[in-house]
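Novice: My questions are about this predicted structure, shown below with the sequence.
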Number of protein chains: 4
Amino acid sequence: MKPRRAGARQLAAQATRDSILRAATKVFARHGYAGGRIEQISKAARSYDRMIYYYFGSKEALFIAVIEEMYRRFNEACSGIVLSAEQPVEALTAMIRFMWNYYRRNPEFITLLNTENLHRGKHIAKSKDAREYSSPALELLHSVLESGTRQGLFREPLAARDVYLMIAGMAYFYLSNRYTLSAFFGADLDRDAALAHWEGFIIEAVLRAVARDGVVLVADMPAQCERLAVG
Amino acid sequence: MKPRRAGARQLAAQATRDSILRAATKVFARHGYAGGRIEQISKAARSYDRMIYYYFGSKEALFIAVIEEMYRRFNEACSGIVLSAEQPVEALTAMIRFMWNYYRRNPEFITLLNTENLHRGKHIAKSKDAREYSSPALELLHSVLESGTRQGLFREPLAARDVYLMIAGMAYFYLSNRYTLSAFFGADLDRDAALAHWEGFIIEAVLRAVARDGVVLVADMPAQCERLAVG
Amino acid sequence: MKPRRAGARQLAAQATRDSILRAATKVFARHGYAGGRIEQISKAARSYDRMIYYYFGSKEALFIAVIEEMYRRFNEACSGIVLSAEQPVEALTAMIRFMWNYYRRNPEFITLLNTENLHRGKHIAKSKDAREYSSPALELLHSVLESGTRQGLFREPLAARDVYLMIAGMAYFYLSNRYTLSAFFGADLDRDAALAHWEGFIIEAVLRAVARDGVVLVADMPAQCERLAVG
Amino acid sequence: MKPRRAGARQLAAQATRDSILRAATKVFARHGYAGGRIEQISKAARSYDRMIYYYFGSKEALFIAVIEEMYRRFNEACSGIVLSAEQPVEALTAMIRFMWNYYRRNPEFITLLNTENLHRGKHIAKSKDAREYSSPALELLHSVLESGTRQGLFREPLAARDVYLMIAGMAYFYLSNRYTLSAFFGADLDRDAALAHWEGFIIEAVLRAVARDGVVLVADMPAQCERLAVG
DNA sequence: CATGAATGAGCTTTCATTCAT
DNA sequence: CATGAATGAAAGCTCATTCAT
């Protein structure tokens, strides 16, 4: 009947829903699931409590939507990675840098994942789209590792999953736990120099982990690498 | 006059305090700070809400006490590590196994740290004994790395802190995030085989990270190691 | 669009707020601030605890609102006083009767003021409208005193504030402290005769306090007055 | 058996009881009955909650004891008043000054009375010694008034009770309500000048209230008085 | 008599959620 | 769809009081 109006309405509705989702992401990331308040979310979204129930049904359903969106964005970002399989060391280095930077720039990603793991993944288990979240990052990594092996740079191919876990673990842990670690070490892990140092350390450790015995892989800025023969 | 009786009273009081602390550790580890209910804690401790306030003053103070106790235990456990500095590869391997097992056997350690980091370390900051938590593990690691270098097995010594972060990161992340990772990978990371595999992977990766160029370090079960010359 | 309906909603909301305020006035007047229970208030208002926090935010803020409303009503009542400045003795007498009757008919006024003074005025200090509470009664009194002086009935004008304090003190103290005073005197100060006697005594004392030396002012019921020359 | 020890014990016990009573007086005076905390009292008395129940039985019984002690002290103080009945104006003035100063120096007297009146005298009603509290002040006042009448200074004798109420009302109200009055007047009633002014005003008003028609009584500092004939 | 732990009812406050326009 | 009032359960915390040496 009034398509234009209906369209405008739908647009407005979508905007409301989006702003709630965005606000919820922030609030849950900051305070956890139990600590995240419905009212805080609705106010941050400049909307009303009621709207949250209208669009999402419950606090838990909202949290699930937040987790889903978080994965969607991560995979979307992963899809954007372009690597030259011909230069596996460069590609691997770029992959590490990507993950490190993604974690750094999306701190909610880390705290939301921690929150979800605190709850033993029960929300992701309820998600209908859970299956779709297997990341393109893994496949990329797999082909890079294969290429490196083929070129004699990497040893017999490691499981992409293991390398992924290694990269993610080293990057994630440093950022996720930097507050307690800073207290533990008596040093500020948030300083630029410390961050840069750790990024370099991850790269070095991963290259050493994948390198063929007797081969030393070096990643130089900007993203250069060399092959140094031994013996 | 009545030392035994007075002692009994104090003992009972200490027992009450301890059981509250133990219960709080479980509950906060399971549900986070905001999600952890005072009533749940007092019931689990077979005590009363009032006693929590009697002994600790507030929910937050109780949480701080939990965090402090958690660190104390960890450092206590670290103090028990005995390593033969003469066999640096074995020592380093043992160190890794220790941390991996500590995380596995003390899952609350992980979730409590995550919770504390969610709150940006604000509780540890309020702790009076925060300074004392610097772990003996770091110093041990330092001497092991030095010994390895001296023996020509390890390259010029890496910072103990970096190696510690590498080990902790790889071990911690796997265990902390296994629920979301299992969904992400579509595989169960909790299976014994998967756990054993990852423990081995960490050891291998760390040994490769610290090895002198051209040296391949291998850690064999049970805790054997060999030196394989290359070239 | 739907002004009547929207209006009805707002009206109902206002009614809820009002009934809470009314109930709170009663409860705080009866039991003091600490002794006044939130639940008692919400039940008396036929509402819910939650609504008190919805509309007022906290127990203290509710008490402040009660104090503000109490002052507002008092000043509103004072604004209704009509005095003929030409007949200062009658006017002053009427003023005294007004205050006496106001205290008698609004016993909460007295106990709320006592409660607020117990807390050293800390709530009124937090009130934003505190400034506006200076009563019209003072100005009225001032003009009555001036008129009396001009007519040669009153001595050189006393400060309206002092006369106000005298009236208020005598009336307030009798009513505020009648329970302990009754025990102290071994007599019932609440009997009609006793009350009427005291009202007359205040009037007489005040007239004597303001009278020009040598002039005896008499206030007869109903509100008549004569001037009796002396010497 | 061990009289000295028993005596010492009794003394210590009395000291404990007294310090609790003193602490309770302060706490109830400061926070009212409901607002006064048992723990606060026991801590202020450097004793234990349990001791309060040991010596007084309950919070209410403790409050009754406080009220009784308060009256006892007041009457004790009144008993110390020495007035020369031959100089009724001076005597009356001295009486007023006594009451004004007693109120000023014993602010707990005022707030405790207010608290007791808030509860409609229910505690004093439960006191067994309540009868004994009729003050010597009334009798003193009575004889002063009679003497003044006999000497032709005061009019036909007023009821001592009325004059007492007048003095008490004016003095008590000013001090009791000074916090709200200061806000109401926009002036500080606690300043020395203001206090001295009001003391003088009370004296003047009372003298005028009791003076024989045509007689002007003046009370000069220090405690002098003159008789000024009119006409 | 003194001491400090224990008790459970009850307090203020907050929560997620639903109702009524 | 939006708005804001309403709801009742449950949270953290405090209270006066009693128990057990």
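Specialist: Everything's here; your move.
Novice: Show me what the longest helix seen in chain A packs onto, helices and strands only.
Specialist: Looking only at chain A and at elements set by DSSP state H, the helix with the highest residue count is helix A:3-35. Under the contact criterion of 3 or more CB pairs under 8 Å, 6 or more residues apart in numbering or on different chains; DSSP states H and E, helix A:3-35 touches helix A:38-44, helix A:49-56, helix A:59-79, helix A:107-118, helix B:3-35, helix B:107-118. (C-beta placed from N, C-alpha, C; glycine too.)
Novice: Pull the distance from the fifth one to the chain's centre.
Specialist: Just to be clear, that refers to helix B:3-35. On the basis of CA atoms, centre = their mean, to the nearest Å, helix B:3-35 is displaced by 21 Å from the centre of the chain it belongs to.
Novice: Give me the buried positions along that helix.
Specialist: Using 16 or more other CB atoms under 10 Å in any protein chain shown as the burial criterion, the residues of helix B:3-35 that qualify are B:16-17, B:19-21, B:23-35.
Novice: can you check the shortest one too?
Specialist: Judged by neighbour count using 16+ other CB under 10 Å, the buried positions of helix A:38-44 are A:40-42, A:44.
Novice: Point out the one among the helices and strands packed on helix A:3-35 that comes closest to residue D:118.
Specialist: Taking CB to CB as the criterion, helix A:38-44 is the member of the helices and strands packed on helix A:3-35 that comes nearest to residue D:118, at 37.4 Å.
Novice: picking that back up, would you mind getting the angle between the longest helix of chain A and helix A:59-79?
Specialist: 100 degrees (axes from the mean of the first three to the mean of the last three CA atoms, to 10 degrees).
Novice: Now do helix A:3-35 against helix B:107-118, angle only.
Specialist: Using the same axes, to 10 degrees: helix A:3-35 against helix B:107-118 is 120 degrees.
Novice: which bits of chain A sit near DNA strand E?
Specialist: A:36-39, A:49-50, A:53, A:58-60 (CB under 7 Å from any atom of the strand).
Novice: Serialize those to a markdown table and add fields for pLDDT and distance to residue B:104.
Specialist: As requested, the residues of chain A next to DNA strand E are arranged in a markdown table below (pLDDT from 0 to 100; distance: CB to CB, whole Å):
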| residue | pLDDT | distance to residue B:104 |
| --- | --- | --- |
| A:36 | 96 | 30 |
| A:37 | 95 | 35 |
| A:38 | 96 | 37 |
| A:39 | 93 | 40 |
| A:49 | 94 | 42 |
| A:50 | 93 | 45 |
| A:53 | 95 | 41 |
| A:58 | 95 | 35 |
| A:59 | 96 | 32 |
| A:60 | 95 | 30 |
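Novice: so which of the residues you listed would you say is closest to residue A:73?
Specialist: The shortest approach to residue A:73 among the residues of chain A next to DNA strand E belongs to residue A:36, at 18.8 Å (CB to CB).
Novice: OK, contacts around the closest one?
Specialist: The neighbours of residue A:36, taking CB atoms under 8 Å, 6 or more residues apart in numbering or on different chains as the test, are A:24, A:27-28, A:30, A:59, A:63.
Novice: Most widely separated two among those?
Specialist: Pairwise across the contacts of residue A:36, and taking CB to CB, the largest span is found between A:30 and A:59, at 15.3 Å.
Novice: buried set for the strand or helix carrying residue A:146?
Specialist: Mapping residue A:146 onto the secondary structure by DSSP states H and E places it in helix A:136-150. Using 16+ other CB under 10 Å as the test for burial, helix A:136-150 gives A:137-138, A:140-142, A:144-145, A:147-149.
Novice: out of the helices and strands packed on helix A:3-35, nearest to residue C:91?
Specialist: In terms of CB to CB, the element of the helices and strands packed on helix A:3-35 nearest to residue C:91 is helix A:38-44, at 55.3 Å.
Novice: near chain B at all, that closest one?
Specialist: No: residues of helix A:38-44 contacting chain B under CB under 8 Å from any CB of the partner chain: none, with a closest distance of 12.2 Å.
Novice: How far off centre is that helix?
Specialist: With CA atoms, centre = their mean as the basis, helix A:38-44 stands 25 Å off its chain's centre.
Novice: which helices and strands sit right next to that helix?
Specialist: Helix A:38-44 is packed against helix A:3-35, helix A:49-56, with contacts defined by 3+ CB pairs under 8 Å, 6+ apart.
Novice: List of residues touching that helix?
Specialist: A:20, A:23-24, A:26-27, A:31, A:48-49, A:51-52, A:59, A:62.
Novice: Just give me the closest of the residues you listed to residue B:12.
Specialist: Of all the contacts of helix A:38-44, residue B:12 sits closest to residue A:31, with 37.7 Å by CB to CB.
Novice: give the contact list for the closest one.
Specialist: A:37, A:40, B:34, B:118.
Novice: Count residues in the vicinity of the first one, would you?
Specialist: Just to be clear, that refers to residue A:37. Counted with other CB atoms under 10 Å in any protein chain shown, residues neighbouring residue A:37 total 15.
Novice: and what of the last one?
Specialist: Neighbours of residue B:118 under the rule other CB under 10 Å: 24.
Novice: follow-up on the earlier one: next, format the helices and strands packed on helix A:3-35 as JSON lines and append distance to residue B:177.
Specialist: Listed next are those as JSON lines, based on distance: least, CB to CB, whole Å:
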{"stretch": "helix A:38-44", "distance to residue B:177": "25"}
{"stretch": "helix A:49-56", "distance to residue B:177": "25"}
{"stretch": "helix A:59-79", "distance to residue B:177": "13"}
{"stretch": "helix A:107-118", "distance to residue B:177": "5"}
{"stretch": "helix B:3-35", "distance to residue B:177": "16"}
{"stretch": "helix B:107-118", "distance to residue B:177": "10"}
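Novice: In chain A, where is pLDDT below threshold?
Specialist: A:1-10, A:130-134, A:220-231 (pLDDT under 70).
Novice: Domain-wise, how is it divided?
Specialist: Structural domains of chain A, as assigned by automatic domain parsing, span the residue ranges A:1-57, A:60-229.
Novice: Now look at the shortest one and say if it contacts DNA strand F.
Specialist: Yes: under the criterion of CB under 7 Å from any atom of the strand, domain A:1-57 makes contact with DNA strand F via A:9-10, A:12-13, A:16, A:47-51, A:54.
Novice: residue contacts, the residue in chain A positioned nearest to DNA strand E?
Specialist: Across chain A, the shortest distance to DNA strand E (CB to the nearest atom of the strand) belongs to residue A:59, at 3.3 Å. Contact partners of residue A:59, counting by CB under 8 Å, 6+ apart, are A:36, A:38, A:52.
Novice: so how far is chain D from the first one?
Specialist: So the one you mean is residue A:36. For residue A:36, the distance to chain D equals 35 Å [CB to the nearest CB, to the nearest Å].
Novice: Could you report the distance from the residue of chain A closest to DNA strand E to residue A:66?
Specialist: Between residue A:59 and residue A:66 the distance, using CB to CB, to the nearest Å, works out to 11 Å.
Novice: The helix holding residue A:146 versus helix A:59-79: what angle between them?
Specialist: Regarding helix A:136-150 and helix A:59-79, their directions subtend 30 degrees when assessed with the same axes, to 10 degrees.
Novice: Any chance of CSV for the contacts of residue A:36, columns distance to residue A:105?
Specialist: Putting these into CSV (distance: CB to CB, whole Å) gives the following:
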residue, distance to residue A:105
A:24, 19
A:27, 19
A:28, 18
A:30, 16
A:59, 27
A:63, 22
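Novice: What is the nearest of these to DNA strand F?
Specialist: Within the set of the contacts of residue A:36, residue A:59 lies nearest DNA strand F; the separation is 12.5 Å, counting by CB to the nearest atom of the strand.
Novice: Can you give me the buried ones in stretch A:200-216?
Specialist: By neighbour count, and taking 16+ other CB under 10 Å as the criterion, the buried residues in stretch A:200-216 are A:201-212, A:215.
Novice: And stretch A:42-58, by the same measure?
Specialist: By neighbour count on 16+ other CB under 10 Å, the buried set for stretch A:42-58 is A:42, A:44-45, A:47, A:51-52, A:55-56.
Novice: With DNA strand F as the reference, measure out to residue A:152.
Specialist: Separation of residue A:152 from DNA strand F (CB to the nearest atom of the strand, to the nearest Å) stands at 59 Å.
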